[in-house]
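# sequence and predicted structure, then a few things I'm wondering about:
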Amino acid sequence: LVEGAAKSGVNLIASETFDASYIAQFVENGYTQLTDADMISDSTAEFIIGSYKIKADAEYGENSINKLAFDRLLVEALDYLSEDEDGFVLMAEGAHIDHGGHNNNISYMLEELLAFDNGIHAVLEWAKNRDDTVVIVTADHETGGLWLDKSATADTLFPGVRYQDNYYGWTTDYHTSTDVNLYINGADIDFAKYSFGSKKRIRNYEVFEIMKYLIGAE
């Protein structure tokens, strides 16, 4: 992964989970380590690696990865990458939503979903006055087979407020074949020209075809 990233020219790699020895390998391959996420947007380094524990949010559980300011990190990354006149692609993952599903832990999943939602709002706000930016939001799969009773509300699901099992349930602790949604903001796409334009459902690899279309790649 380290050599692959260095050879492919990935400019920014950030996570909460990188240990010192892993980061050292990137540094050996020409990356600059930034120890504070707030340094990213002002950096002139061509390649950046970082592992960030940003300020906790008291609303979230103590064990949630998204006590981190995910939205803050995204804006820092956008400000840094947008300095490139040739444009950029940023991929950001709310990976622990999946962990909540595997653990059949709805409070964990909701915390991660809320943090991811905050991140989406931050990105859309950043991009709203730009005519050269497209935001794509989707998932690679559903996890847990979560079902909700029709009477379920945020108050009945979120921990601490009438948290009761009868409002929801799980069918598995693994991935399912449930369809996931795809949202695209900011694109003027002639979908009719492509296979995904004639269907309400597409295959996951066609998201890549949409991205290629947007950047003008063959």
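The structure has been received and is ready for your questions. Residues are numbered from 1 along each chain as shown.

# how about the contacts made by residue 73?
In this structure, residue 73 makes contact with 14, 37, 40, 52, 54, judged by Cβ atoms under 8 Å, 6 or more residues apart in numbering. From N, CA and C alone the C-beta is placed, and that goes for glycine too.

# now residue 205
Residues counted as contacts of residue 205 (Cβ under 8 Å, 6+ apart): none.

# tell me how far it lies from residue 182.
Distance, residue 205 to residue 182, by Cβ to Cβ, to the nearest Å: 13 Å.

# residue 82 touches residue 90, doesn't it?
No. Using Cβ atoms under 8 Å, residue 82 makes no contact with residue 90, being 9.3 Å away.

# tell me the secondary structure for the residue nearest the centre of the chain?
Nearest residue to the geometric centre of the chain (Cα atoms, centre = their mean): residue 93, 2.6 Å. Secondary structure assignment for residue 93 (DSSP: H, G, I helix; E, B strand; the rest coil): coil.

# and it, how far from residue 15?
Distance from residue 93 to residue 15, by Cβ to Cβ: 9 Å.

# neighbours around the closest residue to residue 169 other than its chain neighbours, how many?
With Cβ to Cβ, 6 or more residues apart in numbering as the criterion, residue 169 has its nearest non-adjacent residue at 5.3 Å, and that residue is residue 147. The number of residues packed near residue 147 is 11, by other Cβ atoms under 10 Å.

# so who does residue 147 touch?
Residue 147 sits next to 168, 169, 170, 171 when contact means Cβ under 8 Å, 6+ apart.

# residues contacting the closest residue to the last one other than its chain neighbours?
Meaning residue 171. Spatial nearest neighbour of residue 171, excluding adjacent residues (Cβ to Cβ, 6+ apart): residue 145 at 3.1 Å. Residues near residue 145 by Cβ under 8 Å, 6+ apart: 170, 171, 172, 176, 178.

# and residue 145, which of the three is it?
coil.

# relative to residue 22, how far out is the residue sitting furthest away from the middle of the chain?
The C-alpha centroid of the chain is most remote from residue 166, which lies 30.2 Å away (Cα atoms, centre = their mean). From residue 166 over to residue 22 the distance is 44 Å, taken as Cβ to Cβ.

# go on, residue 125?
From residue 125 across to residue 22, the span is 32 Å (Cβ to Cβ).
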